[in-house]
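Chemist: Any chance you can model this:
(one chain, ligands or ions: 1)
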Amino acid sequence: MGRLVVVSNRIADPRKTAAGGLAVALAEVLNNTGGMWFGWSGKIVDHSEVDDVHLEHAGPVKLAMVDLSKADHDAFYLGYSNGVLWPVFHYRLDLADFDAGYIAGYRRVNQLFARKLLPLLREDDVIWVHDYHLIPLAAELRALGCTQRIGFFLHIPLPPPLMLAAIPGHDWLIRALFAYDLVGFQSESDLDHFARYVESEAHAQRLEDQRWRAFGRTVHAGAFPIGIDVQEFEQLAAGAEATDMYERMKREYYRRKLLVGVDRLDYSKGLPQRMRAFREFLAKNPELRSSATLIQIASPSRENVEAYTDILHELESLCGSINGNFGELDWMPVRYIHRTVPRARLPGLYKASRVALVTPLRDGMNLVAKEFLAAQDEEDPGVLVLSRFAGAAEQLKEALLVNPYDTEGTATAILLALQMPLEERRERHQALMRSVRQYDVHWWCESFLGALAEARAEEKGTSWLRL
Ligand code: ADP
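Modeler: Below is the predicted model:
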């Protein structure tokens, strides 16, 4: 394989291990190929200054970053990416803001990325574009004459065809995917939505080997469920900070079982539904009430997008009313913390918890579910309560799968999880860990890049460029 060029909206410095599994895995491949990571610098500048690409060296890896003007950032990032694509791709048409100006800003930034990236490319480069911010990037690169192999991975779900079709510009967006050689999704159901959309809306022809032909191009597509770096996480779990966290939690909660939720504060994570299910569990099981505490960590996220302020207020109010109605002088049912926990401490918190509540309404994959499993003591493991609407549910079938919209059903699963006998916990955990280990982040990287090396759209066309 030639040099790997990773393109994503945000860049994680591969020298910092705190960056998490994805950055670590990508950094490994980037290091091996002396690769380049291209993306937004995170800086917003005056319009007149948006020009230079900032280059930095992180060991053998080159980091190339562009700044964005405020207008571009607002339309591209806040507007189209997080005000349209994020909600609709998570099945929340009701939260989408279809402001007509956003799509032009989205396209402008993708064109800017293409213009700035092209001169940095070498002939044998393999380009891997990440996520919903950059769907049209390959089409923009091809318009400038780029012939290198380009793959795309969507980290979030792809909704069913009719929901996608609600987005003004949806046909342009999906057509742009045909400029890639390989398009990867998190789950089989996302892949199925892609197939159904392109076959019904774009009259694509389905060929063998997961290839589709339309607009004079053939694109390969596949499901490549992302995993965690199990080894890295186990090392983190054995470290001083995680051990200290574990011991502190065990000391503090020695009389109680802990339930834990760790999420970004996002409306896709089903946090109010989770709280209502826990309230239902408390109401239905008065004798068990003070035997369990739910710790909910919700890290601040996209606070300048309106829908996020609403979810914050709803969650605060639910936690307050649960504690007010069910709390005792010496026990509060919910500990809600609106902060990010340092990554090195997380495994300790997971390990001290008997149950994890991972109940998104919709999620591309959900890595918290896999991290929780990897942090458990295999002799006395905790139980994963997992939404059937998380991408991870396709793989983690031995979890207690729930429908997060079903308050009573989820409350019953909480009860089952808290009372599950040791033997059953061990059996489920063993089976789940087999999958977490087999499909780790290294498998994900290798299988995507392996498929990209084999996938090559033979034909060239330009009809996907029309907006
Ligand atoms: P998403 O990518 O939508 O945020 P994932 O569950 O796939 O959801 O990944 C989230 C990552 O961020 C995980 O590695 C998790 O450990 C970390 N994370 C999420 N919430 C927090 C938090 N409150 N504090 C610390 N880390 C968090």
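Chemist: Enumerate the residues of the stretch 251-400 of the chain near the ligand.
Modeler: 262-264, 297-299, 340-341, 346, 365-368, 371 (C-beta under 6 Å from any ligand atom). To be clear about C-beta, it is placed using only N, CA and C from the backbone, and glycine gets the same treatment.
Chemist: Drop anything exposed from those.
Modeler: Burial by neighbour count, 16 or more other C-beta atoms under 10 Å: within those this picks out 262-264, 297-298, 346, 365-368, 371.
Chemist: for those, which one is nearest Glu232?
Modeler: When those are compared for distance to Glu232 (C-beta to C-beta), Glu371 wins out at 10.4 Å.
Chemist: So that closest one versus Leu349, what's the distance?
Modeler: 10 Å (C-beta to C-beta, to the nearest Å).
Chemist: Can you name every helix or strand that the helix-or-strand element of the chain with minimal mean pLDDT contacts?
Modeler: In the chain, no helix or strand scores lower on mean pLDDT, DSSP states H and E than helix 21-33, which sits at a mean of 76. For helix 21-33, the packing partners by 3 or more C-beta pairs under 8 Å, 6 or more residues apart in numbering; DSSP states H and E come out as strand 4-10, strand 36-45, strand 61-69, helix 230-238, helix 441-454.
Chemist: Mind checking the pLDDT average for the third one?
Modeler: pLDDT averaged over strand 61-69 equals 95, rounded to a whole number.
Chemist: Name the surrounding residues that touch that strand.
Modeler: If you take C-beta atoms under 8 Å, 6 or more residues apart in numbering as the criterion, strand 61-69 is touched by 11, 13-14, 27, 30-31, 34-47, 49-50, 52-57, 76-77, 109, 112-113, 116-117, 120.
Chemist: now with 6 Å?
Modeler: With C-beta atoms under 6 Å, 6 or more residues apart in numbering as the test, strand 61-69 has contacts from 11, 14, 30, 35-38, 40-41, 43-45, 47, 50, 53-56, 116, 120.
Chemist: Give the next helix or strand downstream of it.
Modeler: helix 70-73 (DSSP states H and E).
Chemist: out of the helices and strands packed on helix 21-33, nearest to the ligand?
Modeler: Ranking the helices and strands packed on helix 21-33 by proximity to the ligand (C-beta to the nearest ligand atom) places helix 230-238 first, at 9.0 Å.
Chemist: quick check: angle from the helix or strand that the closest one is followed by to helix 230-238?
Modeler: Under the assignment DSSP H and E, the closest C-terminal helix or strand after helix 230-238 is helix 240-252. Angle between the axes of helix 240-252 and helix 230-238 is 50 degrees (criterion: axes from the mean of the first three to the mean of the last three C-alpha atoms, to 10 degrees).
Chemist: Next SSE downstream of helix 240-252?
Modeler: Assignment by DSSP H and E places the next element after helix 240-252 at strand 257-264.
Chemist: Just read off the phi/psi values of the residue of the chain most remote from its centre.
Modeler: Centroid-distance maximum for the chain: Leu329 at 39.1 Å, with C-alpha atoms, centre = their mean. Backbone torsions of Leu329, given as degrees, to the nearest 10, read phi -60, psi -30.
Chemist: what's near enough to touch it?
Modeler: No contacts exist for Leu329 under C-beta under 6 Å, 6+ apart.
Chemist: Need the per-residue pLDDT for it.
Modeler: Leu329 is given a pLDDT of 93.
Chemist: Now do it against Gly320, distance only.
Modeler: Distance of Leu329 to Gly320, computed by C-beta to C-beta: 17 Å.
Chemist: Also Met36?
Modeler: Computed as C-beta to C-beta, the Met36 to Gly320 distance reads 49 Å.
Chemist: Compare neighbour counts for these two and give me the winner.
Modeler: Met36 (22 against 12; other C-beta atoms under 10 Å).
Chemist: Skip the chain neighbours and tell me the closest residue to that one.
Modeler: Nearest non-adjacent residue to Met36, counting by C-beta to C-beta, 6 or more residues apart in numbering: Lys62, 4.3 Å away.
Chemist: give me the number of residues near that neighbour?
Modeler: Neighbours of Lys62 using other C-beta under 10 Å come to 18.
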